[in-house]
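Peer 1: predicted model and sequence below, questions to follow.
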Amino acid sequence: MDDRRSAFCSVIWEISVSMGLRMQKMTKTLLLLLVIVTFLVYQALAAAKIDVSLVKQPKVVACFEVSEFVIRVSSEGNPPFKNPFTDAELTGAFEGPDGSSLKVGGFCDSEDGSVYRLRFCPHRVGIYDCDLSFQADGVEKKLASKLICEPSNNSGPVIVDPNNPKHFMYAGSKKHFYHLGYTAYHLLDTSNDDSQVEAVIDYCVRNGFNKIRFLLAGYPRDSDKRTSADVEYGVTDPWKAPNYGSEPGQVNPLPVWLGQPHNYDFTHFNVAYWQRTDHTVKLMRQKGLVATCIITIEKQDLPKEYGRLTEHEYRLYRYAVARLAAFDNVWFDLGNEHNEFRDKFWGDTMGTFVKKCDPFGRLASAHGYDQFFYTDSPWADFIITQHYGEPQEVHQWALRHYATPKPYINEEYGYEGSLDKPGHGQSANLVRRCHWAIAMAGGYATYGDWSNGTSYFYMGHTGPGKAALQLKHLRSYFEKLPFWELTPHDELITSGFCLAKPPEHFVFYFPAGGQITINLESAGDEALGASWFDPRTGGYVPGQALYAGKNTITCPSSEDWVFYVKPANAK
């Protein structure tokens, strides 16, 4: 018999003796009173046996780095809490050197409730006063410390440029961020080991992608049952193939919670899975990649299982923010194609909740179809659409949102395949042309690979797509320019698209080559210099002599080309 049980039995005996009563002669009222009193005494004894200690306490941290506080909870005999994810709470209050105050939520990081963590990312140099509070039923522990934030060369988180709100910049370095995204939905799938995850991250670095969007929670679209009618990794129509033509066994339920698919315990998180998520986000950060965490997806009705605006749903979003928001490379997407399972009211409610939980203000939005519901919603930092079409169509769709002072991202303008028509499965040539068309409207886009009918984008793998390297040239080209100052000026061209900052910079894109007339009247009287850029190879070709006014030019070939004009004496 352990000490706690011995104490409990002793209390019962002592109370019985002191009352001078025999158990068999007690009235029901006295017996009930005895039970209540002894239960309360027992609870007090049990609570007194729980020890809460701060076992990791950072003293110094570089600006924009993560400082992690670790709480160890121990008790004699049984686990300290029945459910550590619902029965206890760790919070922190941080007062910065400028007097600002941030409230930060911690999270349970062990199945038995023995470890809690709180992550903090300082954004100002100086001394922070840190007050931690751990609370549970019958337990309250206050812990205080100081944290010194030192200067660093960290770029800091990507934010919306306050002076050019259609574009992004780093909060620390103030350098502008040219978004080029990559889709890898099931990157964290149980079928992908760490080497596979690292291979995807390295692939993105090599090919110029600086953001990966991936799921935190989700079921596969299909149960992965295959028939003899399959062609290699999918049937002839990849839309109808299991999981869009994924390789067998490569797309599985993401084990966010304990339990089995369709019977998860939504009150208990699978800590091992979330620790792997931490590792992946940290690795992306080391490689300079933004990690867009898509919190959920509609497949197999997962959002219906945990419910709309239920405590289970709030708990999922709260936990994701508590674990991940301190990493300065994290963005949040409330839900992939969330319009299939939620509405605008939900988006505004949950988006506001996420912002309330996130003291660091990481960028957030929500992926829907071609319509974006949150133009005027303060919580939504950037626009996401999913819109396919010819280059002219996706260009015009981006322009529809240009008046909204938020960056525009077309997350799905058509994954790469081999089809000579726009949409998912379109050829590399169409992928490249559509991406440039979106960029020439002052927007950004995200690539996905569906080559040969195999859903690399869904499995979270790298594929053989040809457009990926070509898009690296796009990013490199714009990063040589003050792209955040360029605005759409399609009126200066008879066909194709134009971004310009007259009279200094004129960028023209011709999706189909040909002969075009461009208007350079706003270029002034200075001599003009020009050059052609090949978006397939990243090579340059000298341009012809130009003058202020209307000029007729002819592309070097019938394929798509970029033409750049600036004053001849400009750097």
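Peer 2: That came through, no problem.
Peer 1: would you map the helices across the stretch 251-400 of the chain?
Peer 2: 271-286, 302-306, 311-324, 344-357, 391-400 (DSSP state H, counting those that start in this stretch).
Peer 1: residue 92: which of those is closest?
Peer 2: Among those, helix 311-324 comes nearest to residue 92, with 10.6 Å by C-beta to C-beta. Backbone N, C-alpha and C define where each C-beta goes, glycine included.
Peer 1: what's in contact with the closest one?
Peer 2: Applying C-beta atoms under 8 Å, 6 or more residues apart in numbering, the contact partners of helix 311-324 are 85-86, 105-107, 119, 216-217, 256, 266-267, 269, 274, 277-278, 281, 291, 293, 295-296, 303, 306-307, 330, 332, 334, 350, 353-354, 357-358.
Peer 1: quick check on these: which are buried?
Peer 2: Buried subset of these (neighbour count, 16 or more other C-beta atoms under 10 Å): 85, 105-107, 119, 216-217, 256, 266, 269, 274, 277-278, 281, 291, 293, 295-296, 303, 306, 330, 332, 334, 350, 353-354, 357-358.
Peer 1: returning to what we had before: now render the helices of the stretch 251-400 of the chain as JSON lines, adding distance to residue 558 and mean pLDDT.
Peer 2: As requested, the helices of the stretch 251-400 of the chain are exported to JSON lines (distance: least, C-beta to C-beta, whole Å; pLDDT from 0 to 100):
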{"stretch": "helix 271-286", "distance to residue 558": "40", "mean pLDDT": "98"}
{"stretch": "helix 302-306", "distance to residue 558": "48", "mean pLDDT": "96"}
{"stretch": "helix 311-324", "distance to residue 558": "48", "mean pLDDT": "98"}
{"stretch": "helix 344-357", "distance to residue 558": "44", "mean pLDDT": "98"}
{"stretch": "helix 391-400", "distance to residue 558": "15", "mean pLDDT": "98"}
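Peer 1: format those helices as CSV; extra columns: distance to residue 538.
Peer 2: Listed next are those as CSV, based on distance: least, C-beta to C-beta, whole Å:
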stretch, distance to residue 538
helix 271-286, 25
helix 302-306, 42
helix 311-324, 35
helix 344-357, 39
helix 391-400, 19
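Peer 1: closest to residue 75 out of those?
Peer 2: Judging the helices of the stretch 251-400 of the chain by C-beta to C-beta, what sits closest to residue 75 is helix 271-286, at 18.7 Å.
Peer 1: what residues of the closest one count as buried?
Peer 2: 271, 273-274, 276-278, 280-281, 283-285.
Peer 1: wasn't residue 73 part of a helix?
Peer 2: No. Read with DSSP: H, G, I helix; E, B strand; the rest coil, residue 73 is strand and lies in no helix.
Peer 1: and for the nearest residue to it once chain neighbours are set aside, the neighbour number?
Peer 2: Leaving aside its sequence neighbours, residue 73 sits nearest to residue 80 (C-beta to C-beta, 6 or more residues apart in numbering; 5.0 Å). By other C-beta atoms under 10 Å, 23 other residues sit near residue 80.
Peer 1: does residue 80 touch residue 50 like I think?
Peer 2: Yes. In this structure, residue 80 is within contact of residue 50 by C-beta atoms under 8 Å, at 5.0 Å.
Peer 1: anything in contact with each of those two?
Peer 2: 73-74, 136, 139.
Peer 1: which two from these end up farthest apart in space?
Peer 2: So, these by C-beta to C-beta: farthest apart are 74 and 136, at 13.0 Å.
Peer 1: list residues touching both of these two?
Peer 2: Residues touching both residue 74 and residue 136 by C-beta under 8 Å, 6+ apart: 50, 80.
Peer 1: which one of these two has more residues nearby?
Peer 2: residue 136 (19 against 13).
Peer 1: list the contacts for that one?
Peer 2: 50, 80-81, 87-89 are the contacts of residue 136 under C-beta under 8 Å, 6+ apart.
Peer 1: likewise residue 218?
Peer 2: Residue 218 is in contact with 185-186, 253-254, 296-297, 299, 302, 336, counting by C-beta under 8 Å, 6+ apart.
Peer 1: tell me what it is bridged to.
Peer 2: Under the criterion DSSP bridges, residue 218 forms beta bridges with residue 254.
Peer 1: next secondary structure after the helix or strand hosting residue 430?
Peer 2: Taking DSSP states H and E as the definition, residue 430 sits inside helix 428-439. Next helix or strand after helix 428-439 toward the C-terminus (DSSP H and E): strand 444-447.
Peer 1: list phi and psi for residue 108.
Peer 2: Main-chain dihedrals, residue 108, degrees, to the nearest 10: phi -80, psi 130.
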